[in-house]
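**Student:** Provided below for reference: sequence and predicted model.
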Amino acid sequence: MIITLTYPWGSGRRYNAYSDWFTARFGKRVQKVSINAGFTCPNRDGSKGTGGCTYCNNNAFSPSYCSPDLSVTEQISRGIEFHKKRYRRADTYLAYFQAYSNTYAGIEHLMELYSEALAHPSVEGLVIGTRPDCVNDELLDWLAELGRKHFIIVEYGIESVNDQTLQKINRGHDFAASVRAVNDTSVRGILTGAHFIFGLPGETKEQIIESASLISELPVNSIKIHQLQLIKDTAMVALYEAHPEQFELYSLNEYLDLITNFAARLNPSIMIERISGEAPPRMLADPREWHLRSGEILALFEERLADLDLWQGKYYRTK
């Protein structure tokens, strides 16, 4: 007899998959189209620091069709053509403001950029990637109004719940800033995402697993998790070369164990969008060679959950 387990999120998966919700939400195939709108970050332009985050090189994840020299409309059109050739055709698209901090400008300029993206006939909504210290009440109020007619999600780069780690990677804000921004966004009914990096220097597996309890209390709809990757031309690579003892670069098996134990302690209402990242091999200065795409790692994650009889939230306890 085959028994199909049903979890609180209403599917047979052992984790609350963002992709399942996304499919149900739109009822058709939707694809994100990345945009580089020429933003910078407060830890790059000198207002809070210089050099940016120590792990960051935007060239590692910016598609070839993205260029701040092109208009938002042109980038979307080129991105759609790119995706048509590389993937199967989508029915509609979301404009993904991805590069750097995409709310780090005056509201008039932001309204102009976002409105231009939404005016594209193939675009049904926005995904806005930014920092928790780059939003304010005026912007969030406007995004809440925009969300009444369009799909809008704001994704915050939180990266770690540990203030010492945030300082070490030159984020320029603390975890309390992330909590405030997430609360201020969620209370307005705006869909809210959070991004974390596992394996930052100085953080142990135990600390990462324990962070699930803090993350679980955030009113976020979804999370993205990436393993730390050492990207060429970053301060992180220089630190690794000087002090490799500060790093714990997980093997694939170690990472799968880490992520499954984390998920078992995560609030089951939070959707998991990603559990790993991938950068072009030419950009990597990383000694590990996993040779797997993110989708393949996700499949191994599901297998590991089943092998260990774990599921998202198995050990989650409300306060």
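**Tutor:** Good, I have the coordinates.
**Student:** pull the residues that contact stretch 258-265.
**Tutor:** The contact list for stretch 258-265, computed with C-beta atoms under 8 Å, 6 or more residues apart in numbering, reads 15, 198, 205, 208-209, 211-213, 216, 225, 250, 272, 275, 301, 304-305, 308, 310-316. C-beta: built from backbone N, CA, C; applies to glycine.
**Student:** which outside residues touch the host helix or strand of residue 213?
**Tutor:** Assigned by DSSP states H and E, residue 213 falls within helix 205-216. With contacts defined as C-beta under 8 Å, 6+ apart, helix 205-216 is touched by 160-162, 175, 194, 196, 198-199, 223, 248, 254, 258, 261-263, 265-267, 270, 316.
**Student:** which among those end up buried?
**Tutor:** 160-162, 175, 194, 196, 198-199, 223, 248, 258, 261-263, 265-267, 270, 316 (16 or more other C-beta atoms under 10 Å).
**Student:** what segments of the stretch 101-250 of the chain are strands?
**Tutor:** 123-130, 151-159, 191-198, 222-227 (DSSP state E, counting those that start in this stretch).
**Student:** distance of residue 248 relative to residue 281?
**Tutor:** 22 Å (C-beta to C-beta, to the nearest Å).
**Student:** before we move on, what about residue 155?
**Tutor:** 26 Å.
**Student:** also residue 28?
**Tutor:** 33 Å.
**Student:** for residue 99, grab the count of nearby residues.
**Tutor:** 22 (other C-beta atoms under 10 Å).
**Student:** now do the SS call for it.
**Tutor:** coil (DSSP: H, G, I helix; E, B strand; the rest coil).
**Student:** where does the stretch 1-150 of the chain dip in pLDDT?
**Tutor:** Low-confidence regions of the stretch 1-150 of the chain, defined by pLDDT under 70, span residues 1-6, 88.
**Student:** same question, the stretch 201-319 of the chain
**Tutor:** 319.
**Student:** show me the helices in it, by range?
**Tutor:** Assigned helices in the stretch 201-319 of the chain, in chain order: 205-216, 235-242, 252-264, 294-307 (criterion: DSSP state H, counting those that start in this stretch).
**Student:** can you tell me which of those helices is most buried?
**Tutor:** Ranked by mean neighbour count, these are led by helix 252-264 with a mean of 20 (mean count of other C-beta atoms under 10 Å).
**Student:** show me how far that helix is from its chain's centre.
**Tutor:** 18 Å (C-alpha atoms, centre = their mean, to the nearest Å).
**Student:** so residue 165 is in contact with residue 203, correct?
**Tutor:** Yes: using C-beta atoms under 8 Å, residue 165 makes contact with residue 203 at a distance of 5.7 Å.
**Student:** these two: who's more crowded?
**Tutor:** Neighbour comparison, residue 165 and residue 203: the larger count goes to residue 203, with 22 against 18 (by other C-beta under 10 Å).
**Student:** could you check how far that one is from residue 101?
**Tutor:** 23 Å.
**Student:** and if you look at residue 110?
**Tutor:** Taking C-beta to C-beta, one finds residue 110 at 11 Å from residue 101.
**Student:** not counting sequence-adjacent ones, nearest residue to residue 42?
**Tutor:** residue 48 (4.2 Å; C-beta to C-beta, 6 or more residues apart in numbering).
**Student:** let me fix that: residue 260
**Tutor:** Per C-beta to C-beta, 6+ apart, closest to residue 260 is residue 304, 4.9 Å.
**Student:** and for residue 200?
**Tutor:** Nearest residue to residue 200, sequence neighbours excluded (C-beta to C-beta, 6+ apart): residue 165, at 5.2 Å.
**Student:** so what's the one you found up against?
**Tutor:** By C-beta under 8 Å, 6+ apart, the neighbours of residue 165 are 159, 200, 201, 202, 203.
**Student:** so how far is residue 244 from it?
**Tutor:** From residue 165 over to residue 244 (counting by C-beta to C-beta), the distance is 17 Å.
**Student:** same check on residue 142?
**Tutor:** For residue 142, the distance to residue 244 (C-beta to C-beta) stands at 46 Å.
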